[in-house]
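1. what's the 3D shape of this:
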Amino acid sequence: MVVALLAVAAPLLAACGGASHTVRTLNKSAYDQKMQTVAQRYGTAATRTFTLLTRAFAKRQKASAVSSLRHAAALYTAESDALAAIGPPNEVAHDHAVLVASYLTAGRWAATLASLVRNPKKATAATNRAAMNTWLPRVNAVLRDLRAKGYEVGDFTGWTEHIAGAGH
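-> Next comes the predicted model:
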């Protein structure tokens with residue numbers, strides 16, 4: 001049943017992420033290489049974004065904070081799309097699908113947080129913390145699982161901690 005669900009979920013996740021082509025299943029080496037490329041490309045951009053976000057919050061520059069959070073939302077969504085375009089080996093298909101969905105969730109979370117910073121009267125900090133408290137541990141668990149299976153997927157976690165502080 002789980003395999004059947006994954007067979008249905010993977011194409012749907014790819015379609016939701018904007019991918020318009022069939023994703024080819026990669027071997028372990030090709031998968032590692034693609035994952036490392038995504039991790040490096042988006043990790044560098046996200047680190048820059050969260051450095052700007054931290055400065056904006058420290059200086060109480062609301063417009064800059066909102067802009068940085070919107071940029072973060074776009075980055076997470078783009079990362080989800082990039083991950084959805086990678087066809088994982090069958091043994092890690094479930095982990096990969098969780099990773100794709102998690103980054104899409106993070107994009108939505110950052111967009112919601114941007115609107116809440118812009119209009120604090122609508123803020124529900126507990127909801128935002130709850131979203132982050134489920135997203136980040138899920139990503140970290142998947143990355144641990146992939147590494148335990150011998151995959152070298154790159155450093156996705158080096159910058160994810162930056163966003164954890166933004167919701168508290």
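2. Apart from its neighbours in sequence, what residue is nearest residue 138?
-> Closest residue to residue 138 apart from its sequence neighbours, by CB to CB, 6 or more residues apart in numbering: residue 102 at 5.1 Å. Quick note: C-beta positions are derived from backbone N, CA and C, even for glycine.
3. Show the contacting residues for the one you found.
-> Contacts for residue 102 (CB atoms under 8 Å, 6 or more residues apart in numbering) come out as 135, 138-139, 142.
4. Mean pLDDT per helix and strand in this structure: which one sits at the bottom?
-> The weakest-scoring helix or strand in the chain, judged by mean pLDDT, DSSP states H and E, is helix 2-16 (a mean of 36).
5. Dihedrals phi and psi, the spatially most central residue of the chain?
-> The C-alpha lying nearest the average C-alpha coordinate of the chain belongs to residue 103 (CA atoms, centre = their mean; 2.3 Å). Phi and psi for residue 103, reported as degrees, to the nearest 10, are phi -70, psi -30.
6. Packing partners of the lengthiest helix in the chain?
-> Longest helix in the chain by number of residues (criterion: DSSP state H): helix 28-58. Under the contact criterion of 3 or more CB pairs under 8 Å, 6 or more residues apart in numbering; DSSP states H and E, helix 28-58 touches helix 62-84, helix 160-166.
7. by how many degrees do that helix and helix 62-84 diverge?
-> On the basis of axes from the mean of the first three to the mean of the last three CA atoms, to 10 degrees, helix 28-58 is oriented at 170 degrees to helix 62-84.
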